[in-house]
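**Student:** Provide a 3D model corresponding to the input given below.
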Amino acid sequence: MHAHAIDNLRYIRKTMEQAGSFTAVPGIGGMLMGSTALVAAWVASHQTSGFAWMAVWLGEALLALAIGIAGAELKSRRAKQPLISGPARKFVAGFSPAMIAGAVLTAVLFRAGHPEFLPGVWMLLYGAAIVSGGWASVRVVPLMGACFMAAGSTALWWTGIPNDAFLAAGFGGLHIIFGTVIAVKYGG
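**Tutor:** Numbers count the residues shown, from 1 in each chain. This is a model prediction of the structure:
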């Protein structure tokens, strides 16, 4: 009887974990990611070669990834919840395909000599990744993804504005705005 009750409790715990939402999206980390994106936009705008420009933004992407993971880990630890949980796996499963597509398209567009499309593609696919992964998170996360998608679409259609300005507004501004909302409303 006791073993059966323990098995039932394990089943209930596992079911609740899988049905829950991923609440470790780091608001403060998002604000920091936005701040580093603003710096990267400024540095990238002063580069004289396409390779140097790309190196700045790839470095920023790696830095933002590290900040995001560290922020999620810290927020999970403060909430005494495991970072690797059912909702976190759903978030990563939804987030990863669009990010992989973005990496492939980055290489193709850069090699083909069309870096002018990269900011729009990056924000569009990053937004799609956030929307897809965000369904396993708090409500504001998919909204943030939709805003990134709108920014990316705008960057692809509206020529004449420097790419780094779009990237500063998108990766800088949107991360700071939504990071602040997440930090205030959802605890850091």
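**Student:** From here on, just use CA atoms for contacts and neighbour counts.
**Tutor:** Noted.
**Student:** Check the offset of stretch 100-107 from the chain's centre.
**Tutor:** Distance of stretch 100-107 from the chain centroid (C-alpha atoms, centre = their mean, to the nearest Å) equals 15 Å.
**Student:** what mean pLDDT does it have?
**Tutor:** For stretch 100-107, the per-residue pLDDT values average out at 95.
**Student:** do stretch 118-134 as well
**Tutor:** Stretch 118-134 carries an average pLDDT of 93.
**Student:** Show residues contacting it.
**Tutor:** Contacts of stretch 118-134 with the rest of the structure, by C-alpha atoms under 8 Å, 6 or more residues apart in numbering, involve 90-99, 101-102, 105-106, 109-110, 141-156, 163-164, 166-167, 170-171.
**Student:** can you pull the pLDDT of Ile12?
**Tutor:** 52.
**Student:** I'd guessed Gly27 sits against Val181; true?
**Tutor:** Yes - counting by C-alpha atoms under 8 Å, Val181 is a contact partner of Gly27 at 7.1 Å.
**Student:** Quick one: the helices in this structure, in order.
**Tutor:** When secondary structure is read from DSSP state H, the chain shows helices at 2-19, 27-45, 50-78, 86-111, 118-134, 140-157, 163-167, 175-186.
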